[in-house]
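Enquirer: let's see this in three dimensions:
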Amino acid sequence: MSFDTLGLSAEILRAVSEQGYNKPTPIQLKAIPPILKGKDVMAGAQTGTGKTAGFTLPMLQRLINNLQPKGQRPIRALVLTPTRELAAQVGDSIAIYGQHLPIRSTIVFGGVKINPQIEKIRRGIDILVATPGRLLDHVGQRTVDLSHVEILVLDEADRMLDMGFIHDIRKILALLPEKGRRQNLLFSATFSSEIKALADRLLNRPELIEVARRNSTAEKIDQVVHPVDKSRKRELLSHMIGSQNWSKVLVFTRTKHGANRLAQQLEKDGLSAAAIHGNKSQGARTRALANFKTGDLRILVATDIAARGLDIEQLPHVVNFELPHVPEDYVHRIGRTGRAGREGEAISLVCVDEHKLLADIERLLKREIPSVVLEGYEPDPRIKPEPIQNGRNGRQHSKVNNQSRKGGKNSTSASSTGKTWQESASSNRTHHNSNKPKRNSGRRNPGNSQTTGQSRRSRPTNKPETAALFNDA
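Expert: Here you go, the predicted model:
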């Protein structure tokens, strides 16, 4: 089936064709028709499968079906995203697909001056793409009127809701028309049972659309775990990038400090690298990402802030230098590769401290990730696991994780049992030593100043990035 059969206008079809697309992806094929009918939708698909166009195209169509009289241009559609990068991506998509339409849109997020945003809003816009915190900044300054919103989109809703962003969302919902007088669209790459339960209260009898098994990863992403001592991770990473001549690598760390330190170490190894995270200015993040996309930068080291909204064509390698605390974040990290049907490789460097994190990921995926020990980097069996610090209060991961996951009270990590690598590793996993791996299956500051995470948190930055995600808002 082609886009021509979905009920989209000639202007939208022209824009789609100019981008080289003629056949909708599964999520687009299933989501566009009910959205065009005005139904609420809760849609999920693997990352990189066209979710953004899945709501952008029908949203544009519904808006042009009922154009406002000249001179009147209230905000009719609101798209909320958790991060600046994702907001920029959605804004670009709306601009591209709406380029032949009499539709205006703009993007608002933190980290940049607010006055230019205010000026664009005052000129009149139909669609507003925003991070929640910066949107509430505008609300506080009375520069936005959300009382005419007809369509509300929550993009990457699992990230916003999972991380406690629901409080800001509730404040925004109170400023919108009643639930029954607007269309609500909830798009996400992953859905937990908790997210679905919450969506039942936010949406009007939504149509549930899932085109892949929940929390699954793209089939063309080749995943592998390399067991290695924590102290030798950087050495192994440099070795793999240099010896295999990787030209573009996205590397994930858990903390901002860790990202900065790793990027500096890789630079000393002669590899061009830069870090992006919540404490970096928007300009620095934009430059680093642009250089990475053009190939002027070989390695981009990122915290989980970059797991959402980064759309990098032909990214062959994603490396988990450290596993994430939240298993779902693994899905989003590795989803930066293998996009649009391309092949990709996701490599995780796992030390003995991270066995519980790996087990949680494999439980979510319902599969074992193949493990390969590289010759010369074999883990030292005498090393005992240590607790992974999580959060500003220095809580251990095992405690936090046990309280937040199902069955957590009875769950113990390798760290809490004091087991070594061999003792805590899965009994059915076999490691092979070789140079050529053989796989064995398995807020905000109103005003003109820049609003950054650092402006509100002057504490040390060696903590997970999850809280900083919302400093972007």
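Enquirer: helices along the stretch 301-450 of the chain, start to end?
Expert: Taking DSSP state H, counting those that start in this stretch as the test, the helices found in the stretch 301-450 of the chain are 327-334, 355-365, 397-404, 414-417, 421-424.
Enquirer: helix 327-334 and the longest one, what's the angle between them?
Expert: Computed by axes from the mean of the first three to the mean of the last three CA atoms, to 10 degrees, the angle separating helix 355-365 from helix 327-334 equals 80 degrees.
Enquirer: mind listing what's buried in helix 355-365?
Expert: 355-362, 364-365 (16 or more other CB atoms under 10 Å). Placement of C-beta: from N, CA and C, glycine included.
Enquirer: number of residues surrounding Lys70?
Expert: Using other CB atoms under 10 Å, Lys70 is surrounded by 7 other residues.
Enquirer: domain assignment for the chain?
Expert: 3-210, 221-434 (automatic domain parsing).
Enquirer: how about the nearest residue to Arg205, chain neighbours excluded?
Expert: Asp40 (6.7 Å; CB to CB, 6 or more residues apart in numbering).
Enquirer: and that neighbour, how many neighbours does it have?
Expert: Asp40: 20 neighbours (other CB under 10 Å).
Enquirer: so it sits against Gly180, correct?
Expert: No. Asp40 is beyond contact range of Gly180, at 10.1 Å (criterion: CB atoms under 8 Å).
Enquirer: could you pull out the strands in the stretch 201-350 of the chain for me?
Expert: With DSSP state E, counting those that start in this stretch as the criterion, the stretch 201-350 of the chain has strands at 207-210, 221-227, 249-252, 273-276, 299-302, 317-320, 344-350.
Enquirer: any chance of JSON lines for the ones you listed, columns mean pLDDT, distance to Glu85 and mean neighbour count?
Expert: What follows is the strands of the stretch 201-350 of the chain, written out as JSON lines (pLDDT from 0 to 100; distance: least, CB to CB, whole Å; neighbours: other CB atoms under 10 Å):
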{"stretch": "strand 207-210", "mean pLDDT": "87", "distance to Glu85": "25", "mean neighbour count": "16"}
{"stretch": "strand 221-227", "mean pLDDT": "94", "distance to Glu85": "20", "mean neighbour count": "21"}
{"stretch": "strand 249-252", "mean pLDDT": "95", "distance to Glu85": "13", "mean neighbour count": "26"}
{"stretch": "strand 273-276", "mean pLDDT": "94", "distance to Glu85": "9", "mean neighbour count": "25"}
{"stretch": "strand 299-302", "mean pLDDT": "94", "distance to Glu85": "10", "mean neighbour count": "27"}
{"stretch": "strand 317-320", "mean pLDDT": "95", "distance to Glu85": "16", "mean neighbour count": "24"}
{"stretch": "strand 344-350", "mean pLDDT": "94", "distance to Glu85": "19", "mean neighbour count": "23"}
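Enquirer: neighbours around the closest residue to Glu322 other than its chain neighbours, how many?
Expert: Closest residue to Glu322 apart from its sequence neighbours, by CB to CB, 6+ apart: Arg254 at 4.6 Å. Look at Arg254: counted by other CB under 10 Å, it has 26 neighbours.
Enquirer: distance of Arg254 relative to Ile388?
Expert: Distance of Arg254 to Ile388, computed by CB to CB, to the nearest Å: 8 Å.
Enquirer: equivalent analysis for Gly295, please.
Expert: From Gly295 over to Ile388 (counting by CB to CB), the distance is 34 Å.
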